[in-house]
Every structure is written in C-alpha cells, then in structure tokens.
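1. fold the following, please.
(one chain, ligands or ions: 2)
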Amino acid sequence: MKRLLSTIFLISSLISYAEGFELVTLGSDGGVFDGNISGYLLKSKSEENFVALDAGTVLPGIKKGLEKNSFKNITIPKDTEWNDIGYIFREKIKGYLISHAHLDHISGLVVSSTEDTKKEIYGLKSTIDTLKNNVFNWQLWPNFANEGEGFKLNQYTYKELSPLNEVSINGTTLKVRSFPLSHSNYESTMFLIENNGEYLAYYGDVGPDKVEKSNGLDESFKVLGPLLKEKKLKAIMIESSFENSKQDKDLFGHLTPKWIDTELENLERYSGKGNLKGLNIVITHIKPSLKKNENMREKIEKELVDNNRFGVQYHFPVQGDLLEF
Ligand SMILES: [Zn+2]
Ligand SMILES: [Zn+2]
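-> Residues are numbered from 1 along each chain as shown. Ligands and ions are numbered 1, 2, ... in the order given. Presented below is the predicted three-dimensional model:
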C-alpha cells in the first residue's frame with residue numbers, strides 16, 4: 001500500500017511538473033506597422049489566465065489569434081455581454097509586464113485602456129516612472145493608474161519590481177524576476193517567468209553587452225545557465241531587430257543574428273557545453289523594411305538558421321500564432 005501511494009505521488013508530481021507554457025503572439029515586429037508591434041500573451045498550460053509580455057499591440061493581436069484558433073483552450077462563457085476579443089482582453093489578461101516604456105511596447109495598452117478592467121502593470125522603477133510621468137498624466141493620456149498627476153482613475157495599479165526580487169503575478173500561477181538590460185543608454189528588462197519549476201525568459205529590447213559596454217546580458221545568463229543545465233528553461237524570447245549588415249554604431253540598443261550568436265556563446269559558458277542544443281529561442285522585434293523586394297523577416301531567419309552552431313530551435317512566430325513549450 002505504502003509503495004502504491006508513493007508511486008501515485010511520484011506520478012502526480014511528474015504530471016504537475018510537466019505543465020509547460022502557452023504563448024500567443026499579439027505583435028511580432030519591432031516597428032513600423034502600428035497594428036503588429038511587440039506584444040505577447042503567456043500562460044501556464046494548466047490554467048486560463050494570461051500575463052501580457054509588453055503591449056505594443058493588444059486588440060488586433062487577439063483578433064488575429066481568434067482567427068487562427070490560438071485561444072482554443074480558453075473557455076468563453078455563452079452568457080457574457082462581451083464579444084470574444086473583449087472577453088479575452090478584459091477577463092483573461094490579468095496584468096502587463098512592461099520591459100521598457102518605448103511606444104512600440106506600450107501603445108496597445110494605452111489605446112485600449114478605455115475598455116480595460118482593473119489590472120496590475122509590472123515594471124522596473126524606470127519603466128513605471130516613465131508611464132507615470134509621461135504617459136498616464138492627463139496630458140498624453142488620462143491617468144488610468146493609481147499614482148501620478150491629477151485625478152487617479154485607479155484602473156491600473158503600478159507594481160514596481162526590484163531587480164532579482166521574485167513577485168507573484170496576480171490572477172495567475174506565474175511568478176517573475178526582473179533583470180535590468182542596457183538598450184542604448186536606456187534601461188530595458190529581462191523577465192524570468194516561473195511556473196511550477198519551469199521557466200521562460202523574455203528579453204525586452206537589448207543591445208550586445210560589448211557594444212552597450214554593459215554586463216546586463218551576462219548577468220542574466222549567469223542565472224539562465226544553471227536552469228538550462230537542469231532542463232528547466234523552456235524557452236528564451238529575444239530580439240533580432242536588424243540583419244547582420246547593420247553596423248554596430250547603427251544598432252541603437254538592438255541585436256542582429258551574429259550578435260545573438262555571440263551572446264549564445266556566452267550563455268553556453270554558464271550552461272555547459274552542448275546544453276543549448278534544442279533550446280527554444282523565439283525571435284522577436286524584427287524591424288520590417290519598406291524597401292521594394294526586401295523582406296527583413298526572411299533575411300534574419302536565414303542568417304540565424306544558417307549559422308546555428310549551438311543547435312538551438314529557432315521560432316519566428318507572427319501575429320496570432322500559438323506556441324507551446
Ligand atoms: Zn522596441
Ligand atoms: Zn525600445
């Protein structure tokens with residue numbers, strides 16, 4: 001009996017361990033079409049509530065996700081007064097993790113705020129300060145938050161994150177730790193999200209450590225290395241704004257395929273040789289070109305896939321796509 005019980009316990013602990021994540025892309029690009037910029041929804045497979053990872057585009061991404069059946073695991077009640085876009089937006093997004101307050105990461109949140117519900121906005125002090133002083137200030141936009149200028153509509157509650165501190169994301173089973181990054185003399189953030197012993201790392205805009213004269217990426221890799229070794233890191237989301245021909249002086253705090261390769265080499269130092277093999281890497285923030293016959297997405301995909309010496313598994317989701325890890 002004792003043995004049977006311990007077997008059942010072992011099996012159930014294995015089942016609860018292998019929960020995994022679901023990721024819906026709301027906006028896949030790093031500019032210039034305002035209907036498809038930096039925004040993702042993340043949740044544990046074992047529940048229905050999402051946190052948004054940046055919010056450059058929100059509603060058009062939910063619309064596209066519904067068209068692609070990417071919310072198939074979400075129950076939308078028959079008797080709700082909201083349409084499907086409205087229900088997922090209002091009821092299933094429980095909070096926003098904002099990596100930095102550049103417009104392409106917050107514009108969806110701002111524009112859709114008039115139809116949103118009470119939620120938390122999580123970010124480092126620099127991000128919260130920018131939102132507080134320059135966005136929700138009754139000048140650029142009404143103050144939908146709980147702090148800052150003038151009358152406070154109290155729909156959003158700022159949750160200032162201190163680096164490395166673990167914080168639970170209200171309404172979800174997720175927890176987050178934040179790591180400061182350098183984005184052309186501006187502070188950006190890597191969010192390390194944990195669900196029941198499994199992790200996903202979301203990098204906001206970031207330049208190479210060497211170009212930025214920073215150790216932001218290096219510090220984050222020190223934490224990811226051991227997780228990779230223990231097979232607990234399900235995916236990394238990181239940007240490749242430009243193609244390889246972009247010169248370092250023109251990067252303005254962004255990465256290219258060859259710089260991703262260099263940074264992965266550093267990550268391998270902390271994870272041990274061979275441990276990057278098969279790692280899911282989601283490429284974000286590709287900047288589209290408006291030139292004739294120039295497809296940046298195709299170019300960057302090719303540059304990454306053709307030079308994949310660590311054998312990672314690259315993903316290039318577009319708006320509305322569902323990825324499961
Ligand atoms: Zn950006
Ligand atoms: Zn930026």
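2. please count neighbours and contacts with C-alpha atoms only from this point.
-> Noted.
3. tell me the secondary structure at residue 111.
-> Assigned by DSSP: H, G, I helix; E, B strand; the rest coil, the conformation of residue 111 is helix.
4. so how far is residue 52 from it?
-> As for residue 111, its distance to residue 52 is 15 Å (criterion: C-alpha to C-alpha, to the nearest Å).
5. ok, the two, which is more surrounded?
-> Relative neighbour count places residue 52 above the other of residue 111 and residue 52, with 23 against 15, counting by other C-alpha atoms under 10 Å.
6. how much space separates the more buried one from residue 197?
-> Residue 52 is 20 Å from residue 197, by C-alpha to C-alpha.
7. look up phi and psi at residue 82.
-> In terms of degrees, to the nearest 10, the main-chain angles of residue 82 are phi -90, psi 150.
8. next one, pLDDT for it please.
-> Looking at residue 82, its pLDDT is 98.
9. what about the protein, any weak spots by pLDDT?
-> 1-18 (pLDDT under 70).
10. can you pull out the strands in it?
-> With DSSP state E as the criterion, the chain has strands at 21-27, 39-44, 50-55, 93-97, 119-124, 156-161, 167-168, 175-182, 187-195, 198-203, 233-239, 280-284, 313-315, 322-324.
11. out of those strands, nearest to residue 84?
-> strand 93-97 (12.8 Å; C-alpha to C-alpha).
12. outside of the closest one, which residues touch it?
-> 41, 49-55, 119-123, 169-172, 191 (C-alpha atoms under 8 Å, 6 or more residues apart in numbering).
13. so it versus strand 175-182, what angle?
-> 30 degrees (axes from the mean of the first three to the mean of the last three C-alpha atoms, to 10 degrees).
14. okay, now the sheet partners of strand 93-97, with direction.
-> strand 50-55 (parallel), strand 119-124 (parallel) (DSSP bridges).
15. how about it as PDB, C-alpha atoms only?
-> Output of strand 93-97 as PDB, limited to C-alpha atoms (Å, rounded to 0.1, in the frame of the first residue of the first chain):
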ATOM      1  CA  ILE A  93      -5.300  39.100 -19.400                       C
ATOM      2  CA  LYS A  94      -4.600  39.600 -15.700                       C
ATOM      3  CA  GLY A  95      -1.600  42.000 -15.900                       C
ATOM      4  CA  TYR A  96       1.100  43.600 -18.000                       C
ATOM      5  CA  LEU A  97       4.800  43.000 -17.700                       C
END
